[in-house]
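K.L.:
I would like to see how this sequence folds:
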Amino acid sequence: MLPRIALICLLAILLVACGGPASAVVQVDTQTVDGITIGLAAVEAPALNSSQELIITLADAQGQPITGASVYLDLTMLTMPMGSTRPEAVPLGQGRYSTRTAYTMTGTWEITVVAEVNGTEHRALFTRTVPE
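P.N.:
Here you go, the predicted model:
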């Protein structure tokens, strides 16, 4: 359990240190799907029409980083269906993947992290609210 918690804390620190203003608050959520822990780190209150970095982490049942996965996000606006956005993530190493997106409307967005690991697709659903 400790390696997974340490990885999430390190991810949050790195995201704040590498991007945005010092006052940015990072929200880290995790879900375990079919024995794989999928984490999503993002600014807690994303700005409208501004590029946002999202960091995805993948760990196996023993808390070890998963590398070599194919990862993309499926972003959908809940209150006004307008199709989905599917940015692909690039590997950063040690089970971390990065992508960028821009939220075009205020409100609640669903973010589905899709990770293909060894030919099997894993999906974790997260929500983010973009304030006015």
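
K.L.:
contact partners for the nearest residue to Gln52 once chain neighbours are set aside?
P.N.:
Sequence neighbours aside, Pro46 is the residue nearest to Gln52 in space, at 4.9 Å (criterion: CB to CB, 6 or more residues apart in numbering). C-beta: built from backbone N, CA, C; applies to glycine. Going by CB atoms under 8 Å, 6 or more residues apart in numbering, Pro46 touches Gln52, Tyr103, Arg128, Val130.

K.L.:
where do the helices of this protein begin and end?
P.N.:
2-18 (DSSP state H).

K.L.:
Ser70 - how many residues pack around it?
P.N.:
Per other CB atoms under 10 Å, the neighbour tally for Ser70 reads 14.

K.L.:
nearest residue to it in space, please, no chain neighbours.
P.N.:
Glu116 (4.3 Å).

K.L.:
that older thread, closest to Val71 among the contacts of Pro46?
P.N.:
Gln52 (16.3 Å; CB to CB).

K.L.:
partners of that closest one in the sheet?
P.N.:
Under the criterion DSSP bridges, Gln52 forms beta bridges with Thr101.

K.L.:
contacting residues for it?
P.N.:
Neighbour list for Gln52: Ala42, Val43, Pro46, Arg100, Thr101, Ala102, Tyr103 [criterion: CB under 8 Å, 6+ apart].

K.L.:
what does Ile56 give?
P.N.:
38-41, 71, 73, 89, 96-99, 113, 115.

K.L.:
alright, I will stop here.
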